[in-house]
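Visitor: Here is my input; please provide its structure:
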Amino acid sequence: MRLKNLYFLILSLVSIAIFAASASTAAQEEQAIDVALAQKYFQEAEAICKQDNGKLWGHPLCGPMIFFEPKTRMLVANRSDMEGRLTKKGDVFVGRLPDEENAANTATTWAGVRWSMILWWALAEDRYDRDRLMIHESFHRIQDEIGLPMSNPSNNHLDSMPGRIWLQLEWRALRHALMNQGAARRNAATDALIFRLYRRTLFPQAAADERALEMNEGLAEYTGVKLSGRTATELHAFFAKRLEQVTDRPSFIRSFAYESGPAYGLLLDEAHLKWRQHLKPTDDFGFLLQKALALKLPKDLQVEAEKRSNRYDGEQLRAAETRRENERLARLAGYRAKLVDGPVLILPLTTEVNYSFNPNNLVPLDNLGTIYPNVRITDAWGILNVTGGALMIRENNRPSRLYVSIPVDLNARPLQGEGWTLQLNDGWTFAPAERKGDHLLKKNEAPTGK
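Guide: Sure, this is the predicted structure:
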């Protein structure tokens with residue numbers, strides 16, 4: 001009898017332990033975002049916005065903000081939505097983002113509200129960095145209202161060896177300009193503009209594409225850095241250090257604007273305090289700084305660029321970029337074999353397409369398109385998760401189709417290939433494409449009546 005009672009006692013204790021562990025796990029999942037901490041971060045952002053009081057852009061930055069946790073898809077917002085999808089919890093609002101919605105650090109419209117959306121894991125412990133990110137995304141939310149709409153052109157030329165070399169030399173000169181005053185600053189700024197303009201002579205579309213992205217991400221990052229809480233002296237030291245470390249990034253084709261924008265913006269703040277008041281999407285940071293400092297540039301840009309590159313360890317940079325170029329060509333050969341020469345699945349991208357990706361690792365593939373090593377795409381046909389690379393083709397300045405490696409079984413659900421999975425919606429099917437071995441995803445044709 002005692003043994004039987006002891007058995008049930010042990011069984012009960014084990015059950016309690018299992019239940020407690022399960023409850024703890026469930027609680028952790030439900031509390032993927034620390035609600036109290038989220039509320040604290042919202043208060044930080046609001047305090048910055050109130051202190052700015054619309055002075056920077058003539059428009060208040062305060063507004064709807066969402067934090068998102070990708071694993072549980074949990075949302076915490078600083079205010080309610082217009083469709084009743086969020087539930088009030090204390091002074092914040094919580095909910096879940098539907099699977100068909102993509103998420104990123106961006107501005108987005110969801111549930112009837114225009115939000116600044118921020119991934120929870122991206123909010124750093126360091127307050128300066130955390131505040132920079134929240135204000136960066138706050139700018140994206142208001143930029144249409146201040147006449148500086150989003151623009152995300154491809155800058156694939158910045159993955160070529162000459163594009164990367166002259167961009168990094170421009171950054172090195174900007175770093176010297178931020179660290180110095182007077183004549184030393186003017187000389188370094190002149191060098192930066194020479195490197196910038198010479199680079200653009202090498203690529204016909206470079207000026208327009210670079211300018212468009214700098215007027216988008218560059219301005220957003222400048223706003224975040226500017227209002228992050230540092231003093232003017234601290235800002236210059238911080239950003240000079242960041243420009244020194246930026247070469248660690250695997251790709252510059254989209255991330256470059258995050259560096260150029262704040263560097264030029266901080267220099268313009270000291271040279272011309274009202275440069276933001278009449279800013280237009282067609283303005284160029286380089287020309288604005290040249291005008292503000294009354295800089296005279298030489299006619300023979302190539303000769304001067306080559307000569308002045310020696311001031312910034314140009315030969316060492318070229319050697320490093322030569323090594324990287326050899327590695328890049330080998331990587332491109334692998335992508336070309338899988339996504340161009342080999343059989344592929346072609347996915348059309350409709351006007352409903354939405355995608356989130358890492359802007360620091362994009363890879364241009366010749367003149368064909370851009371490789372997205374990791375991307376999540378939602379469209380009318382379903383949800384695609386890519387971890388092994390996909391080739392995106394753009395036409396008329398918008399994404400038009402996507403190439404992934406051919407799946408082993410077109411009838412499997414979910415559909416899987418090398419480095420990707422697809423949750424396919426009903427009403428879509430596959431058909432042989434023009435090239436033998438390729439398949440095209442297409443919408444089922446509606447049956448016709450007699």
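
Visitor: going forward, measure contacts between C-alpha atoms and count neighbours the same way
Guide: Noted.

Visitor: Okay, now the sheet partners of the strand or helix carrying residue 371, with direction.
Guide: Using DSSP states H and E, residue 371 maps to strand 369-372. Using DSSP bridges, the strands paired with strand 369-372 are strand 363-365 (antiparallel), strand 390-395 (antiparallel).

Visitor: Just after that strand, pick out the following helix or strand.
Guide: By DSSP H and E, the next helix or strand past strand 369-372 is strand 375-379.

Visitor: centre of the chain versus that following strand, how much separation?
Guide: 15 Å (C-alpha atoms, centre = their mean, to the nearest Å).

Visitor: Please name every helix or strand in contact with it.
Guide: strand 354-357, strand 382-386 (3 or more C-alpha pairs under 8 Å, 6 or more residues apart in numbering; DSSP states H and E).

Visitor: Lowest average pLDDT across those strands?
Guide: When the helices and strands packed on strand 375-379 are compared on mean pLDDT, strand 354-357 scores lowest, with a mean of 90.

Visitor: so where is the stretch 101-250 of the chain shaky, pLDDT-wise?
Guide: Along the stretch 101-250 of the chain, the model assigns pLDDT under 70 to no residue.

Visitor: Would you map the strands across it?
Guide: Along the stretch 101-250 of the chain, counting by DSSP state E, counting those that start in this stretch, strands occupy 106-110, 113-119.

Visitor: Out of the ones you listed, flag the one nearest residue 50.
Guide: strand 113-119 (16.5 Å; C-alpha to C-alpha).

Visitor: List the neighbouring strands of that closest one plus their orientation.
Guide: Applying DSSP bridges, one finds strand 113-119 paired with strand 65-69 (parallel), strand 106-110 (antiparallel).

Visitor: List just the one of those strands that sits closest to residue 134.
Guide: strand 65-69 (8.6 Å).

Visitor: List of residues touching that closest one?
Guide: Around strand 65-69, the neighbours that count as contacts under C-alpha atoms under 8 Å, 6 or more residues apart in numbering are 32-33, 38, 42, 74-79, 103, 115-121, 138.

Visitor: Could you give the secondary structure assignment for residue 316?
Guide: Of the three states, residue 316 takes helix under DSSP: H, G, I helix; E, B strand; the rest coil.

Visitor: just to revisit the earlier point, deepest of the strands paired with strand 369-372, which one?
Guide: strand 363-365 (a mean of 23; mean count of other C-alpha atoms under 10 Å).

Visitor: Show me what the mean pLDDT comes to for that one.
Guide: 92.

Visitor: now stretch 268-281
Guide: Stretch 268-281 shows a mean pLDDT of 92.

Visitor: for stretch 51-67, same thing?
Guide: 97.

Visitor: before we move on, what about stretch 425-441?
Guide: 95.

Visitor: again with stretch 81-90
Guide: Confidence over stretch 81-90, taken as the mean pLDDT, stands at 97.

Visitor: Can you name the residues that contact the residue most central in space within the chain?
Guide: In the chain, the residue lying closest to the centroid (C-alpha atoms, centre = their mean) is residue 359, at 4.3 Å. Applying C-alpha under 8 Å, 6+ apart to residue 359 gives the contacts 254, 255.

Visitor: For the strand holding residue 371, which outside residues touch it?
Guide: Counting by C-alpha under 8 Å, 6+ apart, 156, 335, 357, 361-365, 389-394 sit against strand 369-372.

Visitor: okay if I get those residues as CSV plus distance to residue 162?
Guide: CSV is the format used below for the contacts of strand 369-372 (distance: C-alpha to C-alpha, whole Å):
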residue, distance to residue 162
156, 12
335, 22
357, 26
361, 18
362, 18
363, 16
364, 14
365, 16
389, 25
390, 25
391, 23
392, 24
393, 24
394, 24
